[in-house]
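Colleague: this one's sequence-less:
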């Protein structure tokens, strides 16, 4: 048998380009996670990058190096939240069942993401705090999500699994209901985001009138 | 016939105590209205009392005189919005019909108020911007509104006009959906707040599943 094990390279003290890039991504993510939690807890204006740096045992210039200024840090946080929603919409397309099954699937994921750190920040942060450049990018992503939700509604109408409702109004109504837990759900509380998302989507699906 | 008209007092150049108090209230209200519109448009942090004063042709000390500092101005704005909601809840109790009729009535008013200047500010402003004293008062009022909405739901459950749903979860779900237009409804747009409120409440009542 060939001595394959002997062929394994020794662990080099020099990092490969891939390792460096991975480390860089991990560091960026750690900064963003710390920042987004502080934005959510104290509000964007009351958070300084110095405070964020302190919780990570680094300095403010290190944050500038990896991410840029506070506006850029916020835009990155919002972008992660919005991209999670867009990924959920894309993944929903592969789900089996009828249009309404896929719509409900997406709505549950949408609600869950909005209760997680980055999604929470999307809901809690008014876009008036962003710079003019950032706000443009942010609104584009938001529009994509609105479009995705409206598309799922229209597909459910098209296959007859929901009645021919006003898709724009329904999308806004559902989004509002499922955005709001970002303002009150306590991740340390007794009800998990997953359970809560499920219950809320059931309520919205059935309505409060007797059936 | 007695000459009653001759008995009418001449218009005095001195204002009565009642007139003075009315003028004071009108001035306070004008400041609050200008401030709340600016808070809603630019955000609380980007608004200075100086800007508010300028739009009214007055000076910042005049605002201090009538209302106090920016935190106090915001708390007043939020209090007006929250009190409008509480009044709507109280007025709803006098409405005829079943529990669900009253619930729907309140929900429509709730949505409309949240699209108006002061209600909009309640939704758009995170309580993290308030001082510690103000936030306490604000949260008390918010809790009263939650309680009022939950009470109307429970009365509708009690008289059998809606099924025995989880009243807390339903209240949060409805509130979220009906808060959200504060972030997107354009008062100058084609759909009035009244129409929009009606459509949204219908959607929430019926749900999106076929009936």
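Modeller: Received, thanks. Just so you know, these numbers come straight off a predicted model, no measurement behind them.
Colleague: okay, now the unreliable bits of chain A?
Modeller: A:1-10 (pLDDT under 70).
Colleague: that one: strands as residue ranges?
Modeller: With DSSP state E as the criterion, chain A has no strands.
Colleague: mind listing the helices for it?
Modeller: Ranges of helices in chain A, per DSSP state H, are A:4-7, A:17-42, A:49-56, A:60-66, A:70-92, A:99-115, A:117-124, A:132-158, A:167-179, A:181-184, A:193-206.
Colleague: need the ones you listed in CSV (columns: mean neighbour count and distance to chain B).
Modeller: All C-beta spots, glycine's among them, are computed from the backbone N, C-alpha and C. Output for those, formatted as CSV (neighbours: other CB atoms under 10 Å in any protein chain shown; distance: least, CB to the nearest CB, whole Å):
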stretch, mean neighbour count, distance to chain B
helix A:4-7, 6, 57
helix A:17-42, 16, 6
helix A:49-56, 16, 14
helix A:60-66, 16, 21
helix A:70-92, 19, 13
helix A:99-115, 23, 7
helix A:117-124, 23, 6
helix A:132-158, 16, 8
helix A:167-179, 22, 3
helix A:181-184, 19, 7
helix A:193-206, 19, 5
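Colleague: any idea which of those gets closest to residue B:61?
Modeller: helix A:17-42 (30.8 Å; CB to CB).
Colleague: that closest one packs against which elements?
Modeller: helix A:49-56, helix A:60-66, helix A:70-92, helix A:117-124 (3 or more CB pairs under 8 Å, 6 or more residues apart in numbering or on different chains; DSSP states H and E).
Colleague: including distance to residue A:161, could these go into CSV?
Modeller: Shown next, in CSV, are the helices and strands packed on helix A:17-42 (distance: least, CB to CB, whole Å):
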stretch, distance to residue A:161
helix A:49-56, 46
helix A:60-66, 46
helix A:70-92, 14
helix A:117-124, 27
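Colleague: coming back round to it: export the helices of chain A to CSV and append columns for distance to residue B:185.
Modeller: Output for the helices of chain A, formatted as CSV (distance: least, CB to CB, whole Å):
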stretch, distance to residue B:185
helix A:4-7, 67
helix A:17-42, 25
helix A:49-56, 34
helix A:60-66, 37
helix A:70-92, 21
helix A:99-115, 20
helix A:117-124, 17
helix A:132-158, 14
helix A:167-179, 9
helix A:181-184, 18
helix A:193-206, 19
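Colleague: residue B:81 is nearest to which of those?
Modeller: So among those, helix A:181-184 is nearest, using CB to CB, at 15.6 Å.
Colleague: how far away is residue A:166 from residue B:185?
Modeller: 15 Å (CB to CB, to the nearest Å).
Colleague: of the two, give the one with the bigger neighbour count.
Modeller: Counted by other CB atoms under 10 Å in any protein chain shown, residue A:166 and residue B:185 do not tie: residue B:185 has more neighbours, with 18 against 12.
Colleague: give the contact list for that one.
Modeller: Contacts here follow CB atoms under 8 Å, 6 or more residues apart in numbering or on different chains; on that basis residue B:185 touches B:115, B:191, B:193, B:196.
Colleague: so which of those is the closest to residue A:108?
Modeller: residue B:196 (25.9 Å).
Colleague: is it correct that that closest one is in contact with residue B:181?
Modeller: Yes: using CB atoms under 8 Å, residue B:196 is in contact with residue B:181, at 6.3 Å.
Colleague: what residues are shared contacts of these two?
Modeller: Contacts common to residue B:196 and residue B:181, judged by CB under 8 Å, 6+ apart, are B:111, B:115.
Colleague: residue closest to the middle of chain A?
Modeller: residue A:81 (2.4 Å; CA atoms, centre = their mean).
Colleague: can you pull the contacts of the closest residue in space to that one that isn't next to it in sequence?
Modeller: Nearest in space to residue A:81, with sequence neighbours left out and distances taken as CB to CB, 6 or more residues apart in numbering or on different chains, is residue A:118 at 3.6 Å. Going by CB under 8 Å, 6+ apart, residue A:118 touches A:32, A:36, A:77-78, A:80-81, A:84.
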